[in-house]
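*Asks:* turn this into a model:
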Amino acid sequence: MSDKVRVGFIGSGGIAGTHIKYLKMVKGVEVVALSDVSQAAMEARIKEHQLDGAKTFTDYRQLLKMKDIDAVSVCTPNYLHYKPTVDALRAGKHVMVEKPMAMNAREAAAMCAAAKKAGKVLSIGFQQRFVPGTSFIRRAIEEGKMGEVVYVRAQALRRRGIPSWGVFGRKDLQGGGPLIDIGVHIIEVSHYLMGKPRPVAASANCYTYLGNKPPEATAPWGPWDYKTYTVEDLAIGLVRFETGATMVIEASFAAHMEDNDVFKTTIFGTKAGATWGGGTPKLFTDYCGKMVNIEPKALERDDAFAVKMRSWIESIHGAPNPAPGEDGLAVQQILDALYLSAEKGREVQIK
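*Replies:* Got it, this is the predicted structure:
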């Protein structure tokens, strides 16, 4: 491969536009082709980002036949992550696939296997690990400043944040509701901060009480399609890890609570605690006989999404992959176990 990375897109909706925006900031990257079932969506992206000369395909398999494409960004709905990713890898392309990685762990494992067999980079769209301040807590844990992590509380909550667009309310196309849509991000970054321990068991409950009815109050994003709403409004879960640590997860599209949005994780260690999200990260520990709070006075200024896309290109050139498929597989195993536990009404093992 030359120094230039030529990128094609499978899926040309809003998230593809965000990918293109940041890829255009990376030296040596050229977006050369788009695919989507909607010709209008492709033309909108071409106009928005001035992609003169970019080819368009309504069948992504035709895009994958282009020999001058080095990498592909998969920006489709969740149920269409697996096959285009595997097809792209088999066609010899590096891949970035948006979160969640797949509809289930079986698909995610097959995607990892395809990347390994092809010898290509597979990255997952986990931008929270690039948020300024993430490295601060991650380093504190890696260097033993927090001792042993014993408990994590991960929250991705919305008071009334049911999307009124797309297929977010359809379990058959999304795999679930807030747990797999926004919960995946807080689970991912929490697991990453902990050092990515192996999950061994999960227990969860899911509740639907608002989304499947007409809205009784003004919704910030407008009315949703309650008639096709088959996902949870609120998911509560507990994950146990082989280290003995426990993670509690709270994720909601719709919850009766004070704040409109809560997106944070709280980490309890034997030597110190920490908070991430909702502002500057903080450490809580004991020092010189006193309880003290520690926070950085300066953080990185990079946009997390910009770092995510730049890091993907750098990994194609040989740098370490900061969000590999194996990380996505671990998160998918957690999601699968939580949903299965809620369905069966008991704790389930994660193999």
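*Asks:* ok, now how distant is residue 343 from residue 176?
*Replies:* Applying CB to CB, to the nearest Å, the value for residue 343 to residue 176 is 11 Å. Every residue, glycine included, has its C-beta placed from N, CA and C.
*Asks:* how about the helices in the stretch 101-250 of the chain?
*Replies:* 105-118, 134-142, 171-174, 178-181, 183-194 (DSSP state H, counting those that start in this stretch).
*Asks:* next one: the first one to chain centre, how far?
*Replies:* Using CA atoms, centre = their mean, to the nearest Å, we find the averaged C-alpha position of helix 105-118 to lie 17 Å away from the chain's own average C-alpha position.
*Asks:* what's it packed up against?
*Replies:* helix 82-90, strand 122-124, helix 325-344 (3 or more CB pairs under 8 Å, 6 or more residues apart in numbering; DSSP states H and E).
*Asks:* for it, what is the average pLDDT?
*Replies:* In this model, helix 105-118 has an average pLDDT of 98.
*Asks:* please parse this structure into its domains.
*Replies:* Following the assignment in automatic domain parsing, the chain carries domains at 5-126+305-324, 129-301+332-349.
*Asks:* can you add mean neighbour count and give the ones you listed back as TSV?
*Replies:* Converted to TSV, the domains of the chain look like this (neighbours: other CB atoms under 10 Å):
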stretch	mean neighbour count
domain 5-126+305-324	20
domain 129-301+332-349	18
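*Asks:* thinking again about what came up before, ok, which of the helices and strands packed on helix 105-118 comes nearest residue 317?
*Replies:* Each of those has some distance to residue 317 by CB to CB; the shortest is strand 122-124, at 12.8 Å.
*Asks:* count of residues packed around residue 302?
*Replies:* For residue 302, the count of nearby residues is 13 (other CB atoms under 10 Å).
*Asks:* okay, and it sits in which element?
*Replies:* Counting by DSSP states H and E, no helix or strand carries residue 302.
*Asks:* which ones are touching it?
*Replies:* Residue 302 sits next to 130, 132 when contact means CB atoms under 8 Å, 6 or more residues apart in numbering.
*Asks:* next one: the one 5 residues further on
*Replies:* With contact taken as CB under 8 Å, 6+ apart, residue 307 is in contact with 127, 130.
*Asks:* let's verify it: helix, strand, or coil?
*Replies:* When classified by DSSP: H, G, I helix; E, B strand; the rest coil, residue 307 comes out as helix.
*Asks:* how much space is there between it and residue 322?
*Replies:* According to CB to CB, residue 307 and residue 322 sit 9 Å apart.
*Asks:* between the two, which contacts overlap?
*Replies:* Taking CB under 8 Å, 6+ apart as the contact rule, residue 307 and residue 322 both touch residue 130.
*Asks:* how about the chain, which residue sits the furthest from its center?
*Replies:* Farthest-out residue of the chain from its mean C-alpha position, per CA atoms, centre = their mean: residue 289, at 40.6 Å.
*Asks:* and the spatially closest residue to residue 61 that is not a sequence neighbour, what pLDDT?
*Replies:* For residue 61, ignoring the flanking residues on the chain, the nearest one in space by CB to CB, 6 or more residues apart in numbering is residue 87 at 6.7 Å. Here the pLDDT value assigned to residue 87 is 98.
*Asks:* ok, residue 87 to residue 106 distance?
*Replies:* 17 Å.
*Asks:* which helix or strand contains residue 264?
*Replies:* Remark: residue 264 resides in strand 261-269, with elements defined by DSSP H and E.
*Asks:* elements contacting that strand?
*Replies:* Using 3+ CB pairs under 8 Å, 6+ apart: strand 261-269 touches helix 134-142, strand 149-158, helix 183-194, strand 272-276.
*Asks:* after the helix or strand that contains residue 46 comes which helix or strand?
*Replies:* Here residue 46 sits within helix 39-49, counting by DSSP H and E. The element immediately downstream of helix 39-49 (helix or strand, assigned by DSSP H and E) is strand 55-57.
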